[in-house]
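Participant: sequence and predicted structure, then a few things I'm wondering about:
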Amino acid sequence: MAGGVATLARGRERSPERHGATTALTEPRWVRGLLLGTALVFLGFFLFIPLALVFYKALESGLETYLAAIKEPVALDAIRLTLTAAAIAVPLNLLFGLAAAWSITKFRFPGKNLLITLIDLPISVSPVISGMIFVLLFGAHGFFGPWLQAHDIKIIFAVPGIVLATMFVTSPMVARELIPLMQSQGNDEEEAALTMGASGLQTFFRVSLPKIRWGLLYGVVLCNARAMGEFGAVSVVSGHIRGLTNTMPLHIEILYNEYQFSAAFAVASLLALLALATLAIKSVIEWRTAR
């Protein structure tokens, strides 16, 4: 009986016409063409053309100039720092997002709504303000400044500050992807596994994690993209020290302000390639999730 009910429920979920999902197809052809054309024109002017111009400007002075700008020691340091910050921030935010999503969707506790609000805080606060928060906390005249100076620990204008700022602005990505997914899936399978004698760890790794693996990977991809492209918060805490605290976005800004346009666009094109690779991975995950 229960199996029949579950099969019927799945059949209803797979029949979009029952919920009016096909009504959009009854619109006149000219309306659909107008909407599609508007979207394509918008994407062309604000996405495709600017992106093409970045690569055009990067290669305008020739391939040798392009490669020389990327192989410059300062540029390599910026690339290395960007990848390092992302490599540290993304795994830590993965653990935080998974723990936060699990707590919110599986348990009831006082302050649950407050936790959800705090997770959304880095999205609503300007990245520049978040950078200023870390300066007020860990700067020379900040709350922890005297203690850090006494112990010869440097956070602001150093790599730890860049990692902290990156972690702050990217912290909601994984959690916000997992929370609605885990809420929609419910707890029936986990409860069944526990009833059959599975331990908590066995239930997590064999039941819960396989259900959310694509959503988890999707959140990680978004987190990584934001980490590599972050500018505002990192700009405040970095100090713009060449070869030490300049990430790729900061290095691009310095090159452009110094009228080194070819070098600036060369590094920008490399950052754009990383973004396109991230977009490709994101599309594959969406396609796999839909299947």
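Facilitator: The structure has been received and is ready for your questions.
Participant: from here on, contacts and neighbour counts on C-alpha atoms
Facilitator: OK.
Participant: what residues does stretch 168-178 touch?
Facilitator: 89-90, 93-94, 96-98, 100-101, 119-120, 122-123, 127, 130, 212, 215-216, 218-220, 222-223, 226-227, 233 (C-alpha atoms under 8 Å, 6 or more residues apart in numbering).
Participant: err, stretch 158-166, not the other one
Facilitator: Applying C-alpha under 8 Å, 6+ apart, the contact partners of stretch 158-166 are 85-86, 88-89, 130-131, 134, 154-156, 227, 230, 233-234, 237-239, 244-245.
Participant: now which of those residues would you call buried?
Facilitator: 85-86, 89, 130-131, 134, 154-156, 227, 230, 233-234, 237-238, 244-245 (16 or more other C-alpha atoms under 10 Å).
Participant: quick one: which of the residues you listed sit in helices?
Facilitator: Of the buried ones among the contacts of stretch 158-166, the ones assigned to helices by DSSP state H are A85, A86, A89, S130, G131, F134, A227, A233, V234, V237, S238.
Participant: for the residues you listed, which one is nearest L114?
Facilitator: Distance to L114 across those (C-alpha to C-alpha) is lowest for S130, with 19.1 Å.
Participant: hmm, that closest one is touching V234, no?
Facilitator: No: between S130 and V234 there is no contact under C-alpha atoms under 8 Å: 9.3 Å.
Participant: about what we covered before: buried among the contacts of stretch 168-178? Need that as a selection in PyMOL.
Facilitator: A single PyMOL command selects the buried members of those (16+ other C-alpha under 10 Å):
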select buried, resi 89+90+93+94+96+97+98+100+101+119+120+122+127+130+212+215+216+218+219+220+222+223+226+227+233
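Participant: residue nearest the centroid of this protein?
Facilitator: Against the mean C-alpha coordinate of the chain, by C-alpha atoms, centre = their mean, the closest residue is C223 at 2.2 Å.
Participant: helix or strand: which one has that residue?
Facilitator: helix 209-229 (DSSP states H and E).
Participant: can you list contacts of that helix?
Facilitator: The contact list for helix 209-229, computed with C-alpha under 8 Å, 6+ apart, reads 82-83, 85-86, 89-90, 93-94, 166-167, 169-171, 173-178, 181-182, 248-249, 271, 275, 278, 281-282, 285-286, 288-289.
Participant: in PDB, list the C-alpha atoms belonging to it.
Facilitator: Extracted C-alpha coordinates of helix 209-229, given in PDB (Å, rounded to 0.1, in the frame of the first residue of the first chain):
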ATOM      1  CA  LEU A 209      25.500  12.400   1.500                       C
ATOM      2  CA  PRO A 210      24.600  10.500  -1.700                       C
ATOM      3  CA  LYS A 211      21.300  12.400  -1.800                       C
ATOM      4  CA  ILE A 212      22.900  15.800  -1.600                       C
ATOM      5  CA  ARG A 213      26.200  15.200  -3.400                       C
ATOM      6  CA  TRP A 214      25.300  17.200  -6.500                       C
ATOM      7  CA  GLY A 215      23.900  20.100  -4.600                       C
ATOM      8  CA  LEU A 216      27.000  20.100  -2.400                       C
ATOM      9  CA  LEU A 217      29.200  20.100  -5.400                       C
ATOM     10  CA  TYR A 218      27.200  22.900  -7.000                       C
ATOM     11  CA  GLY A 219      27.600  25.000  -3.800                       C
ATOM     12  CA  VAL A 220      31.300  24.300  -3.800                       C
ATOM     13  CA  VAL A 221      31.600  25.500  -7.400                       C
ATOM     14  CA  LEU A 222      29.800  28.800  -6.600                       C
ATOM     15  CA  CYS A 223      31.900  29.300  -3.500                       C
ATOM     16  CA  ASN A 224      35.100  28.800  -5.500                       C
ATOM     17  CA  ALA A 225      34.000  31.200  -8.200                       C
ATOM     18  CA  ARG A 226      33.300  33.900  -5.700                       C
ATOM     19  CA  ALA A 227      36.500  33.300  -3.800                       C
ATOM     20  CA  MET A 228      38.700  33.700  -6.900                       C
ATOM     21  CA  GLY A 229      36.800  36.900  -8.100                       C
END
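Participant: quick one: distance of stretch 145-162 to the chain centre.
Facilitator: 27 Å (C-alpha atoms, centre = their mean, to the nearest Å).
Participant: I'd like the average pLDDT over that stretch.
Facilitator: For stretch 145-162, mean pLDDT rounds to 91.
Participant: can you check stretch 278-291 too?
Facilitator: Mean pLDDT, stretch 278-291: 77.
Participant: no further questions, thank you.
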